[in-house]
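Undergrad: Let's see this in three dimensions:
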Amino acid sequence: MRNKVTKAIFPVAGLGTRFLPATKSVPKEIMTLVDRPLVQYAIDEARAAGIKEFIFVTSRGKSALEDYFDHAPHLEADLKAKGKDELLEVLQSTNMDSGEIAYIRQHKALGLGHAVWCARRLIGDEPFAVMLPDDVIAADKPCLQQMVESYEEIGGNMVAAMEVPADKASSYGILDVQDDMGSLVSVKGMVEKPAKGTAPSNLAVIGRYILSPTILENLNQKQAGAGGEIQLTDAIAQQIGSDEGVYGFRFNGQRYDCGSKAGFLQATVAFGLDRADLRDDLEAYLHEVIGARKAAQ
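TA: Okay, here's the model as predicted:
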C-alpha cells in the first residue's frame, strides 16, 4: 500500500526583491491577496489535500511569517467581547496547533533544490509535497488535492504542469513528454529554462510537487545546475526511467504568478471579483477606469 502524503515543504526563504521596498520589512509570503496572505492560500490548499505537517524553509527576516501562524489571544478576546463572531472564526482558522508547523533555516540562497534539501531530516523516508506560495491557484478542487488523488493511483514523482506560450517557455522548467494520457503525462526529460526556440514542449512545471524521498538523496549530491544553483528540477530528472518514474499533472484551475507584480495585481482583481461582498463595487470601478482610459485615447 502506498504511503499517504502528509508532509509539505514550503520554501519561503527568498528576499522578494521584485516587491521592494515593501519586502524590506514585510515577508513577501504575508503580503495580502485581498484580505489573506499569500501563504494562507497555500496552507488552505495543503490542508484540503490531507497535509498534517507543514515545514517552512525560512531565512533571516522572516519572523513576521512565523508570528502570523501563532495564536493571538488578546485579539481573539477583543473580538469575542465585541461580539464579532465571524471575524473571530476567520482569525482562529489561521492558527496552527503546536507541533503542526516547523521552521528550518536556509542560511545561503543556493536554489530551490537546496531549500528542499534543508528539510530532509523532517521528511525522513516518506513521500512529501512541495508548495511554492508565489503560485496561487484558483480551482474548484484545490490543485494539490487533485495531485494527491492521482498520486494515490500511480505513485512516482509528480509535478504540476500547465501549457505556456512558446515565447514564455524560457522562464520555466519544461517537460519533455513521453506519453500523453490526458491529465497525466509520463516524462522522458526536463529542461530548466531552455533557450528560446529549444523547448521540447509547451508544458511548464509550476510550484506544486509530490516527491519520493529518493529526491532528497539526489539533492544530497549538491550538484549546481542552471544559474549556478541547486535545482529541484535536476534532482527530479534523475528519477526519469527509474521504477518510480516522473509524471506531469495537468491540473484544473487558473494559476497566478504572484511572484511578479503583474501577476499579483491580476490575482487581486480576479479574487476580488470572485467575492460576493466586493464584486459589484470592484466591477463598477473597473468599468469606470477602463471607460475613462478609452475616452482619453
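
Undergrad: drop to CA atoms for contacts and neighbour counts, all remaining ones
TA: Noted.

Undergrad: can you give me the strands in this protein?
TA: 7-11, 32-33, 36-37, 53-58, 101-105, 128-131, 135-138, 157-163, 173-180, 184-192, 203-211, 246-250, 254-257 (DSSP state E).

Undergrad: Pipe those strands into CSV and attach mean neighbour count, mean pLDDT and distance to residue 68 per row.
TA: CSV is the format used below for the strands of the chain (neighbours: other CA atoms under 10 Å; pLDDT from 0 to 100; distance: least, CA to CA, whole Å):
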stretch, mean neighbour count, mean pLDDT, distance to residue 68
strand 7-11, 25, 96, 15
strand 32-33, 17, 93, 12
strand 36-37, 14, 92, 9
strand 53-58, 22, 94, 13
strand 101-105, 16, 91, 12
strand 128-131, 23, 96, 18
strand 135-138, 23, 96, 19
strand 157-163, 23, 94, 28
strand 173-180, 19, 88, 32
strand 184-192, 21, 88, 33
strand 203-211, 23, 94, 22
strand 246-250, 25, 95, 32
strand 254-257, 18, 95, 22
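
Undergrad: Any chance of the ones you listed in TSV with distance to residue 294 as columns?
TA: Output for the strands of the chain, formatted as TSV (distance: least, CA to CA, whole Å):
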stretch	distance to residue 294
strand 7-11	42
strand 32-33	28
strand 36-37	33
strand 53-58	45
strand 101-105	49
strand 128-131	40
strand 135-138	30
strand 157-163	32
strand 173-180	38
strand 184-192	41
strand 203-211	35
strand 246-250	37
strand 254-257	27
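
Undergrad: Please name whichever of the ones you listed is nearest to residue 229.
TA: strand 184-192 (11.3 Å; CA to CA).

Undergrad: Quick one: low-confidence residue ranges for the protein.
TA: Counting by pLDDT under 70, the chain shows low-confidence ranges at 1-2, 223-228.

Undergrad: where exactly do the helices run in the stretch 1-150 of the chain?
TA: 38-48, 63-68, 73-81, 85-92, 112-118, 120-123, 143-154 (DSSP state H, counting those that start in this stretch).

Undergrad: Can you tell me which of those helices is most buried?
TA: helix 112-118 (a mean of 24; mean count of other CA atoms under 10 Å).

Undergrad: Show me what that helix is packed up against.
TA: On a contact count with 3 or more CA pairs under 8 Å, 6 or more residues apart in numbering; DSSP states H and E, helix 112-118 meets strand 7-11, strand 53-58, helix 214-219, helix 232-237.

Undergrad: for the ones you listed, which one sits closest to residue 197?
TA: Closest among those, using CA to CA: helix 232-237, at 19.8 Å.
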